[in-house]
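**Student:** A predicted structure for the sequence below; I have some questions about it.
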Amino acid sequence: MLRIVLGALAAVLMLGQPTQAAELQVVPIKLGISNVFLLKAVRPVLVDAGAKNDMPALEAALGTQGVKLEELAAVIVTHAHSDHAGLAAEIKRRSGATLVLGEGDVGMAHDGHNDELKPTNLMARILKRFFIDPSYDAFKPDVQVQGEIDLTRFGIAGRAVQMPGHTAGSLVVLLDDGRAFVGDMMLGGWMGGAVFATQAGEHYFQADLARNRANIAALLRLPLHLKTFYLGHGGPVSRASVLSGFDLSEPVALGQAAK
């Protein structure tokens, strides 16, 4: 009886006390040539939309998580290249999901065609010449991100920030718990992530290489202290892997003087 009374008293004392929110579950989905990510919020959200032939694989992967395409609340497209935006139009038609895209990539989405890819190495030149299909179904985003938007409207503690570099409108999704979805800001491993997927390195294509590198450094300086980076190809990679892969030193915390 005493244990029952003490248990009830403890429950009363806990009323009104703040409780730690459950961590948002992230489910990586590897499609034909790129990754998408299912965020299991109150209503599910996708980060990226794969390539135009990926729908059967996407639906099958969602099904294993008990999620139907029609239940999606939103698709946050990190950039409007064909391997990341290819299914956005079809998902919109079938689910009514809100499509979120960086303002700088709206023209590309309207055309349904990649911009001019700028290779960063020899492998990239080969891929561009022989293997990349640049076209997909055009779409118009419901939300055009200029600067950043709060994602609590979708039940997600975080924000989407436009960080031009890989493309003119590339987005990153930053969760308050220190996880980031950075699209093609960087690459995990070699051969599109098939080998050494957790080693961060330069992506095959960058519209503005210097600006993209500056973006990586800026993310590492955030007070949020990002710890895990989810990538469009390969990954996820750790903070240490990013620091090593781009030959960066751990940045001094904002507000602290360098010694």
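**Tutor:** Structure received.
**Student:** Show the pLDDT at Gln16.
**Tutor:** If you look again at residue 16, you'll see it is Gly, not Gln. On the pLDDT scale, Gly16 is placed at 42.
**Student:** no no, Met163
**Tutor:** On pLDDT, Met163 comes in at 98.
**Student:** Spell out which residues sit in contact with it, please.
**Tutor:** Neighbour list for Met163: 170-172, 185, 215, 218 [criterion: Cβ atoms under 8 Å, 6 or more residues apart in numbering]. The way it works is simple: take the backbone N, C-alpha and C, and place the C-beta from them, glycine included.
**Student:** can you rerun that using 7 Å?
**Tutor:** The contact partners of Met163, by Cβ atoms under 7 Å, 6 or more residues apart in numbering, come to 170, 172, 215.
**Student:** Show the backbone phi and psi for the spatially closest residue to it that is not a sequence neighbour.
**Tutor:** In space, and not counting its chain neighbours, Met163 is closest to Asn215: 4.6 Å by Cβ to Cβ, 6 or more residues apart in numbering. The phi and psi values for Asn215, taken as degrees, to the nearest 10, are phi -60, psi -40.
**Student:** Cross-check the contact I'm expecting between Asn215 and Met185.
**Tutor:** Yes - counting by Cβ atoms under 7 Å, Asn215 touches Met185, with 6.3 Å between them.
**Student:** Common neighbours of those two, please.
**Tutor:** Gly165.
**Student:** Looking at the two, which one has more neighbours?
**Tutor:** In this view Asn215 and Met185 are compared by other Cβ atoms under 10 Å, and Met185 has more residues nearby, 28 against 21.
**Student:** Can you tell me the element that one falls in?
**Tutor:** Under the criterion DSSP states H and E, no helix or strand holds Met185.
**Student:** For it, give me its contacts.
**Tutor:** Per Cβ under 7 Å, 6+ apart, neighbours of Met185: 165-166, 170, 172, 212, 215-216.
**Student:** so Gly169, which of the three states?
**Tutor:** For Gly169, the assignment made with DSSP: H, G, I helix; E, B strand; the rest coil gives coil.
**Student:** okay but it is in contact with Gly102, surely?
**Tutor:** Yes - between Gly169 and Gly102 there is a contact at 3.0 Å, judged by Cβ under 7 Å.
**Student:** All the helices of the stretch 1-150 of the chain, residue numbers only.
**Tutor:** 2-14, 55-64, 82-85, 88-95, 106-111, 122-130 (DSSP state H, counting those that start in this stretch).
**Student:** mind giving me JSON lines with these and columns for distance to Gly158 and mean neighbour count?
**Tutor:** Listed next are those as JSON lines, based on distance: least, Cβ to Cβ, whole Å; neighbours: other Cβ atoms under 10 Å:
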{"stretch": "helix 2-14", "distance to Gly158": "28", "mean neighbour count": "9"}
{"stretch": "helix 55-64", "distance to Gly158": "21", "mean neighbour count": "15"}
{"stretch": "helix 82-85", "distance to Gly158": "19", "mean neighbour count": "26"}
{"stretch": "helix 88-95", "distance to Gly158": "20", "mean neighbour count": "19"}
{"stretch": "helix 106-111", "distance to Gly158": "22", "mean neighbour count": "18"}
{"stretch": "helix 122-130", "distance to Gly158": "31", "mean neighbour count": "13"}
